[in-house]
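> 3D model of this:
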Amino acid sequence: MILSRKVAKEVIEELKKSGQKVVFTNGCFDILHVGHLRYMNEAKNQGDILVVAVNSDASVKRLKGESRPINNERDRAEMLSGLKAVDFTVVFEEDTPMEIIEELKPSIHVKGGDYKKEDLPETAIVEKNGGEVRILSFVEGKSTTNIVNKINSK
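Alright, predicted model coming up:
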């Protein structure tokens, strides 16, 4: 289910009050692939509820260049919502998830294995709010950029 930021904050507060562990992750997720699927499944296994924050179209364009995103923010959020592991999605406008993490205060923030906890600027925010940062496995060679490059080389 796709939530507004305001509703996401309210839902997460209620879930945490009821004792559930809310796992949060974020990304562009422009073209869903098996790496994303494996990542979402592993993320869900870290807690009870998985919330995925999706970069807005404007944010993806700033981060990835003028030719991206391939799929618009609503479609990307809806595709993620259709995955069994994902409970909620929310779109965010900023280039980093720091503001939305500060708003939502998840129990656990997860990132892929290509990151290091100590290098993430959001680690301080998560831990300040009583949460935990976990680094998940990395799925080698699976990326939207690789898919786009393969299509463009044909």
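
> element containing the residue nearest to E102 when sequence neighbours are not counted?
Excluding its sequence neighbours, the residue lying closest to E102 (C-beta to C-beta, 6 or more residues apart in numbering) is I125, at 5.4 Å. (C-beta placed from N, C-alpha, C; glycine too.) Per DSSP states H and E: I125 is located in helix 122-128.

> quick one: list the elements packing against that helix.
For helix 122-128, the packing partners by 3 or more C-beta pairs under 8 Å, 6 or more residues apart in numbering; DSSP states H and E come out as helix 98-104, strand 108-111, strand 132-135.

> could you dump the ones you listed to JSON lines with distance to K16?
Formatted as JSON lines, the helices and strands packed on helix 122-128 follow (distance: least, C-beta to C-beta, whole Å):
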{"stretch": "helix 98-104", "distance to K16": "10"}
{"stretch": "strand 108-111", "distance to K16": "11"}
{"stretch": "strand 132-135", "distance to K16": "13"}
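
> deepest of the ones you listed, which one?
Comparing these by mean neighbour count (mean count of other C-beta atoms under 10 Å), strand 108-111 ranks first with a mean of 23.

> give me the mean pLDDT for that one.
What strand 108-111 shows for mean pLDDT is 97.

> strand partners (parallel or antiparallel) of it?
Strands that pair with strand 108-111, judged by DSSP bridges, come out as strand 22-27 (parallel), strand 132-135 (parallel).

> which among the ones you listed is found nearest to P97?
Closest approach to P97 among the strands paired with strand 108-111 is made by strand 22-27 (4.2 Å; C-beta to C-beta).

> what does the following helix or strand past the closest one rub up against?
Note on strand 22-27: by DSSP H and E, the next helix or strand toward the C-terminus is helix 34-44. Contact partners of helix 34-44, identified using C-beta atoms under 8 Å, 6 or more residues apart in numbering, comprise 23, 25, 29, 50, 52, 80, 83, 85-86, 110, 112, 136-137, 139, 142-143.

> for the helix holding I125, list every residue counted as buried.
Residues E122, T123, I125, V126 are the ones in helix 122-128 that count as buried (16 or more other C-beta atoms under 10 Å).

> show me the longest helix that occurs in the protein.
For the chain, the helix with the greatest residue count under DSSP state H is helix 5-17.
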